[in-house]
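Engineer: Provided below for reference: sequence and predicted model.
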Amino acid sequence: MPLDAICLAAVREELTERIKGMKIDKIQQPERDVILLTMRGGGEQPGRLLISAGSNDMRVHLTTYKFENPKSPPMFCMLLRKHIAGAKILGIKQPPSERVLELELETSTAMGEIKNKSLIIELIGRMSNVLLIDNDGIIIDCLRRIGGDLNDKRIILPGLLYRRPPPQEGKHDPLSITDDKWRKLVENTVRDKPEETADKWLLSVFTALSPLICREISWRAYGVTDIRVSAVKDNCDALQEEFFKLTKKVKSGIYEPWLLCGKDNTPREFSYTHIMQYEDAYITKQEESFSCLLDEYYTRAAQQQHIRQRASVTNKTVCNARDRLIRKLTSQRSELEETSKREYLRECGDLITANLHIMQKGLNILTVQDFYSEDEKTREIKLDPLKSPQQNAERYYKAYTKSKNAALHLTGQIKQGENELAYLESVAEQLERVSTEQEINEIRGELMQTGYIRAQKKNLPPESAPMYFMSSTGMKIYAGKNNIQNDRLTMKTALKTDVWFHTQKIHGAHVILSCEGRQPDEKSMFEAAVIAAYYSAARSGGKVPVDYTLVRHVKKLPGGRPGMVIYTEQKTILAVPDEELINKLKA
């Protein structure tokens, strides 16, 4: 994993400088493997320390992200509140070359007695854990209890003496290796495993080095990451030189928080030194701190994944309703197409009535001159031989009337269905760009109100504020996050003299440029159009047509679903969705 023991040492140094002397104010456990400590004091702004013991995202760092807490705190969270709420952080320790941190805490009892305790953070893969230890080294409790059935070598249970994770057998500390020891290790590998690659050899021989760092050392030495040991047995000095360059920087406490991103700006790797092995394949950027680095790499990605999972559940409901509606509309349009033949039925009734004098009961087919055709050809009309001529004529007239009424009914149903389909597609588009749990809950609340999800009044979320921006010239701009918010923003919040923006014939947010009695300037108008284009289904496109008009010209569509309006007196601006500009305008 990228967060190896050396990278963790860099995090420890940074945290020691930031949080030493601060007091733990709040303790939360928003997720099963995540502990959040809010700290105050020490002359610093309140900070939140995130501790994750998840097997795929284990880490510890300061975070700026917000988390939603469960309705009732877990037992381990309650225990931590009892023992270390208000505790002062004395320092942070780390065993040499181990992925373990120890927060030294000073606590006081109800009687005012001062006692020292430790919060141990073990970031060791599937066995990652958080433990609270008393001054005598006894485990008070732990996030993940491990009995003999799981690990007979190291049992972790309340009341037992805490023992550190055993060191990795056969591996060496890279920070204490000597030149002689290095040469001896290389000679043994050349003799015993000549086909092993240099990076795999480094990984198998030394602790505290991640696969990424091992490949980087090989790349810096030879320009490739998978060179075999046998190929460099006569030129091991380059590998040794790069290895000791790195360890020298680490011993000197020189750490640099580097983040590697793909071309789509998605975080892919991170390190405490500049990674050059990917050349132009990845974009590298140096972050302000390791906490910013880990927050970007783990927390943002984890929250985005969680939001996507939550949104997918609601999106499935919307898509199922949309697919059912599409099938229904297809059937209705097919039925409407059939009713287009109704004039033929009326004509047949007229032709039968005009020829009653030549008809007799029992005919199967009536062949008559068709006075509805231009050249007056003959027409064959099917008859029911059991009915009289008058009854056959009446049968065709009834079929015509039924078809005519069906056409009127189907036309109204299809129009209503098309409006409903537009509404569901707008909800699906909004679910694609949700960024918080609250936004998903608001959309679910909207679907409860419209009958697509069973309504549970106690679960309806509170109303939230729309997105807020400030134009370059200081004018306020608002954008709705969902249909309910679009309605509220346009119909209730905005003034009649404000300017309303929406992408032309494309699902998107209602955007309001708040004029406050002023004449809107061209730059603010254009920026509001960019916001409307960005928060729409055309976000990934090029130039997007955006209609704008005064709010007084926007009316609620009669009987329409939330967010559906009609407008007049509009003009159009072509705007390109610009994420950089959007981030700059966010207030």
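Structural biologist: Happy to help now that I have it. Numbering: from 1, shown residues only.
Engineer: Quick check: can you list the domain ranges of the protein?
Structural biologist: 5-142, 336-413, 465-585 (automatic domain parsing).
Engineer: so how far is the first residue of the second one from its last?
Structural biologist: Spelled out, it's domain 336-413. Terminal residues of domain 336-413 lie 11 Å apart, using Cα to Cα, to the nearest Å.
Engineer: sorry, back to before: tabulate the domains of the chain in a markdown table, adding columns for mean neighbour count.
Structural biologist: C-beta: built from backbone N, CA, C; applies to glycine. Putting these into a markdown table (neighbours: other Cβ atoms under 10 Å) gives the following:
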| stretch | mean neighbour count |
| --- | --- |
| domain 5-142 | 17 |
| domain 336-413 | 14 |
| domain 465-585 | 18 |
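Engineer: who wins for proximity to W182 among those domains?
Structural biologist: Taking Cβ to Cβ, domain 5-142 is the member of these nearest to W182, at 16.2 Å.
Engineer: now that closest one, how far from the chain's geometric center?
Structural biologist: 27 Å (Cα atoms, centre = their mean, to the nearest Å).
Engineer: what's the average pLDDT for it?
Structural biologist: Regarding domain 5-142, the rounded mean pLDDT is 90.
Engineer: Equivalent analysis for stretch 240-251, please.
Structural biologist: pLDDT averaged over stretch 240-251 gives 92.
Engineer: Distance from the chain centre to that stretch, please.
Structural biologist: 39 Å.
Engineer: Can you tell me what sits against that stretch?
Structural biologist: 6, 9, 174-175, 177, 179, 182-183, 186, 202, 213, 217, 220-221, 272-273 (Cβ atoms under 8 Å, 6 or more residues apart in numbering).
Engineer: ok, so of these, who is nearest L550?
Structural biologist: Y272 (56.1 Å).
Engineer: Quick check, the closest one in contact with Y255.
Structural biologist: Yes. Contact criterion Cβ atoms under 8 Å: Y272 and Y255 qualify, at 4.4 Å.
Engineer: And these two? Which one has more around it.
Structural biologist: More crowded of Y272 and Y255, by other Cβ atoms under 10 Å: Y272, with 26 against 19.
Engineer: and the gap between that one and L345?
Structural biologist: 83 Å (Cβ to Cβ, to the nearest Å).
Engineer: Over to T317?
Structural biologist: The value you get for T317 to L345, if Cβ to Cβ is used, is 42 Å.
Engineer: just L513 next, same as before
Structural biologist: L513 is 56 Å from L345, by Cβ to Cβ.
Engineer: Could I get the full set of strands for the stretch 401-550 of the chain?
Structural biologist: With DSSP state E, counting those that start in this stretch as the criterion, the stretch 401-550 of the chain has strands at 467-470, 476-479, 499-503, 511-514, 544-550.
Engineer: which helices and strands sit right next to the first one?
Structural biologist: With contacts defined as 3 or more Cβ pairs under 8 Å, 6 or more residues apart in numbering; DSSP states H and E, the packing partners of strand 467-470 are strand 476-479, helix 579-585.
Engineer: and it, average pLDDT?
Structural biologist: Mean predicted confidence for strand 467-470 is 93.
Engineer: ok now that strand, how far from the chain's centre?
Structural biologist: 21 Å.
Engineer: Then the second one?
Structural biologist: Averaging C-alpha coordinates over strand 476-479 and over its chain gives two centres that are 23 Å apart (Cα atoms, centre = their mean).
Engineer: mind listing what it pairs with, with the direction of each?
Structural biologist: As defined by DSSP bridges, the strand partners of strand 476-479 come to strand 467-470 (antiparallel), strand 511-514 (antiparallel).
Engineer: picking up where we left off before, could the strands of the stretch 401-550 of the chain be laid out in CSV, adding distance to I440?
Structural biologist: CSV is the format used below for those (distance: least, Cβ to Cβ, whole Å):
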stretch, distance to I440
strand 467-470, 15
strand 476-479, 17
strand 499-503, 23
strand 511-514, 21
strand 544-550, 25
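Engineer: between those, which one is nearest to E195?
Structural biologist: Using Cβ to Cβ, the nearest of these to E195 is strand 544-550, at 57.1 Å.
Engineer: Distance to S524 added to the strands paired with strand 476-479, as JSON lines?
Structural biologist: Shown next, in JSON lines, are these (distance: least, Cβ to Cβ, whole Å):
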{"stretch": "strand 467-470", "distance to S524": "10"}
{"stretch": "strand 511-514", "distance to S524": "6"}
